[in-house]
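# Compute the structure for the input listed below.
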Amino acid sequence: MKNSEIIGLSQEELVAKIAEERENLVKLKFAHTISAIENPTRINKVRKDIARLNTELTKLKAQSAIETK
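Down below sits the predicted model:
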């Protein structure tokens, strides 16, 4: 997922996307534990996507906190 795609999402969409990606990460780790997956670097990419989503969510929460003051 690109940063430009992430920036356009709302808080609700970010929360939903984070949950979806976390579920995807669990499935990938489970599949990799059972047998080698075709592309093991995908696990790292999903982890980084989750971090990007969390960063953007934190930015949006900080902006909304500043705007409410």
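
# Next one, pLDDT for the residue nearest the centre of the chain please.
By Cα atoms, centre = their mean, the chain has its centre lying nearest to Ile50, at 2.4 Å. pLDDT, Ile50: 98.

# contacting residues around it?
The contact partners of Ile50, by Cβ atoms under 8 Å, 6 or more residues apart in numbering, come to Ile18, Glu21, Arg22, Leu25. Glycine gets a C-beta too; all of them are placed from N, C-alpha and C.

# So which of the residues you listed sit within helices?
Those of the contacts of Ile50 mapping onto helices are Ile18, Glu21, Arg22, Leu25, per DSSP state H.

# So the first one sits against Asn54, correct?
Spelled out, that is Ile18. Yes - at 6.5 Å, Ile18 and Asn54 qualify as touching, with contact defined as Cβ atoms under 8 Å.

# The two: which is more packed in?
Ile18 (18 against 13; other Cβ atoms under 10 Å).

# Pull out the buried members of the contacts of Ile50.
Ile18, Glu21, Leu25 (16 or more other Cβ atoms under 10 Å).

# Kindly indicate which of the residues you listed lies nearest Gln11.
Ile18 (10.6 Å; Cβ to Cβ).

# Helix or strand: which one has Thr33?
helix 11-34 (DSSP states H and E).

# Which positions in that helix come out as buried?
Under 16+ other Cβ under 10 Å, the buried positions of helix 11-34 are Leu14, Lys17, Ile18, Glu21, Leu25, Leu28.

# ok, residues contacting the helix or strand bottoming out on mean pLDDT in the chain?
Sorting the helices and strands of the chain by mean pLDDT, DSSP states H and E puts helix 3-7 at the bottom, at a mean of 90. Outside helix 3-7, the residues that touch it by Cβ under 8 Å, 6+ apart are Leu14, Arg52, Leu53, Glu56.
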